[in-house]
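Q: This is the structure alone, sequence omitted:
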C-alpha cells in the first residue's frame, strides 16, 4: 500500500502552519502500541473497546469475539485510537475479516509481540485498512499554549 503525502488537516481552526510529521513517526507508534482502542458504530451509543493487535503492512490485525464483531458486521467503518494523549495517532478505516492467506503471519506476529498463542483461524479476526490517519504531538500541561498540537497536526488520506 502506497503511503500518501502528509497534509495539514482541518481541525476546527486550531491548526497553524508548521512542520508535518513523517509517516515513520506515526507508524512506529502503531507498531509499538500494546493496545488499540477500537471504536465501532451502532444504532445506539458508539462502542469502544481495547484490543491487542498487530500493525503490519499498513493494516491493523486484531481479534474480538465481543460486541465489536457484531458491530463490524453491521457497519465496517471503525476508528482506532492509541493509548497516548501526547503522541496521538488516530486511524479511520474499514474493517473486514482477515484473509485466510494471512493467518500464519497473524499467529506468528501475535506470538512474537504478546507471547500468546492464537488459534490459526480467521474467525473473529479482522484487518483494518486505513482510509485516513491523523497524528499530532500535544503538551498535556497546556503550558505551550497548544503550540505543539497546532504545529504538528498531520493527516494522511489513503486510497479507498
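A: Yes, it's here. Worth saying up front: this structure is predicted, and the values here are computed from it rather than measured.
Q: Poorly predicted segments of the chain, please.
A: Along the chain, segments meeting pLDDT under 70 span 11-17, 144-147.
Q: Tell me where it has strands.
A: Per DSSP state E, the chain carries strands over the ranges 36-40, 47-51, 53-56, 59-63, 77-81, 87-97, 125-137, 154-157.
Q: Turn those strands into a markdown table, including mean neighbour count.
A: Where C-beta positions appear, they are placed from N, C-alpha and C, glycine not excepted. A markdown table is the format used below for these (neighbours: other Cβ atoms under 10 Å):
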| stretch | mean neighbour count |
| --- | --- |
| strand 36-40 | 21 |
| strand 47-51 | 15 |
| strand 53-56 | 23 |
| strand 59-63 | 22 |
| strand 77-81 | 20 |
| strand 87-97 | 19 |
| strand 125-137 | 21 |
| strand 154-157 | 20 |
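Q: Present the ones you listed as CSV; the columns should include distance to residue 3.
A: Shown next, in CSV, are those (distance: least, Cβ to Cβ, whole Å):
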stretch, distance to residue 3
strand 36-40, 20
strand 47-51, 24
strand 53-56, 13
strand 59-63, 13
strand 77-81, 17
strand 87-97, 13
strand 125-137, 10
strand 154-157, 7
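Q: Nearest approach to residue 20 belongs to which of those strands?
A: strand 154-157 (4.7 Å; Cβ to Cβ).
Q: how far away is residue 55 from residue 34?
A: In this view, residue 55 and residue 34 are 11 Å apart by Cβ to Cβ, to the nearest Å.
Q: To clarify, my last question referred to residue 87.
A: Distance from residue 87 to residue 34, by Cβ to Cβ: 14 Å.
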